[in-house]
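Q: 3D, please:
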Amino acid sequence: MSWEYLLGVMKPMLEGAQTTIFLFLLAIIVSVPLGFGVTLLMKSRFKPLAWIAHTYVYVMRGTPLMLQLLFFCFGLPLLPGVGEYLVFDRFTAAALAFILNYGAYFAEIFRGGLLSIDKGQHEAAQVLGLSKWQTMTKVVIPQMIRVVLPATANESITLIKDTALLYAVAVPELLHYAQAAVNRDFRLTPFLIAGIIYLLLTMVLTLFFKSLEKRYTFE
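A: Reported below is the predicted structural model:
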């Protein structure tokens with residue numbers, strides 16, 4: 001096995017890794033605030049809003065991500081009446097599925113974090129004259145972050161691995177190019193390289209979240 005072969009295989013795989021990383025960043029940036037917003041809606045006193053939020057979380061967590069990917073990529077255009085307005089390119093449709101799926105999981109993580117905050121914290125904030133907004137931003141959210149960081153880190157690592165599902169809807173990403181190289185050359189080397197790239201990505205995420213945990217532990 002020559003260096004020329006390795007470099008020739010790695011070049012398209014690294015290009016595919018760019019798609020993997022882009023989808024991951026897009027999904028994280030959008031799904032985290034979406035999840036927090038859904039968490040607040042789940043606690044809403046307006047029952048219809050709370051019911052919609054709970055139903056969304058139940059459906060997205062109760063069905064496979066693969067099924068959701070297939071639905072958004074191939075099912076949306078088939079919806080009667082509105083399907084013609086819901087035709088997206090494969091990456092956009094897949095990104096929408098990832099965002100909605102992980103938004104639901106983050107909503108549950110954040111809900112657990114909020115439930116861990118003692119009610120006495122809210123009462124103490126009221127005694128100090130803090131508004132609801134100040135209580136949420138200065139008291140509740142900082143404590144919630146400490147609680148949810150480990151689960152958020154775990155979910156983020158799962159997300160970077162789940163991006164491989166793009167292969168099933170024909171979006172060229174890391175695994176797509178690895179599989180193409182294996183089929184062409186009848187060698188396992190591309191799979192090994194893909195595994196190393198995934199391990200490096202998860203290592204970066206692990207180190208990032210460990211630094212965050214240390215920061216919030218010592219604050």
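
Q: which one is V171 nearest to, not counting chain neighbours?
A: Take V171 and drop its neighbours on the chain: the residue closest to it by C-beta to C-beta, 6 or more residues apart in numbering is R90, 4.9 Å away. (Each C-beta comes from the backbone N, C-alpha and C, glycine too.)

Q: Could you list which residues are in contact with the one you found?
A: Counting by C-beta atoms under 8 Å, 6 or more residues apart in numbering, R90 touches C73, V169, A170, V171.

Q: Among these, which lie within strands?
A: Residues from those lying in strands, with DSSP state E as the criterion: none.

Q: From those, list just the buried residues.
A: Among the contacts of R90, those buried by neighbour count (16 or more other C-beta atoms under 10 Å) are C73, V169, V171.

Q: So which of those residues is the closest to L192?
A: Taking C-beta to C-beta as the measure, L192 lies nearest V171 of the buried ones among the contacts of R90, at 22.4 Å.

Q: Is it correct that the closest one is in contact with A93?
A: No - counting by C-beta atoms under 8 Å, V171 sits too far from A93 to count as a contact (9.2 Å).

Q: any idea how far L34 is from A104?
A: Using C-beta to C-beta, to the nearest Å, A104 is found at 9 Å from L34.

Q: repeat for A97
A: Counting by C-beta to C-beta, the gap from A97 to L34 is 13 Å.

Q: okay, these two: which has more neighbours?
A: Under the neighbour definition other C-beta atoms under 10 Å, A97 and L34 were set side by side, and A97 has more, 24 against 19.

Q: Tell me which helix or strand the more buried one sits in.
A: helix 90-115 (DSSP states H and E).

Q: how far out from the middle of the chain is that helix?
A: Its chain's C-alpha centre and that of helix 90-115 lie 6 Å apart, by C-alpha atoms, centre = their mean, to the nearest Å.

Q: So for it, what gets flagged as buried?
A: Neighbour-count burial for helix 90-115 flags 90-91, 93-111, 113-114 (criterion: 16+ other C-beta under 10 Å).

Q: What of stretch 135-149?
A: Buried residues in stretch 135-149, counting neighbours by 16+ other C-beta under 10 Å, are found at T135, M136, V139, V140, Q143, M144, I145, R146, V147, V148, L149.

Q: residues contacting the third one?
A: When contacts are counted by C-beta under 8 Å, 6+ apart, V139 touches Q121, H122, A124, A125, L130.

Q: give me that answer again for 6 Å
A: By C-beta atoms under 6 Å, 6 or more residues apart in numbering, the residues touching V139 are Q121, A125.

Q: Same check on the one 5 residues further on?
A: Under the criterion of C-beta under 6 Å, 6+ apart, the contact partners of M144 comprise G113, L114.

Q: which SSE is it in?
A: Applying DSSP H and E, one finds M144 within helix 141-162.

Q: Name the next helix or strand downstream of that helix, please.
A: Using DSSP H and E, the helix or strand that follows helix 141-162 in sequence is helix 174-185.

Q: Tell me how many other residues crowd the residue nearest to H176 when sequence neighbours are not counted.
A: Spatially, and ignoring its direct neighbours in sequence, H176 is nearest to Y167 (5.1 Å; C-beta to C-beta, 6+ apart). Look at Y167: counted by other C-beta under 10 Å, it has 17 neighbours.
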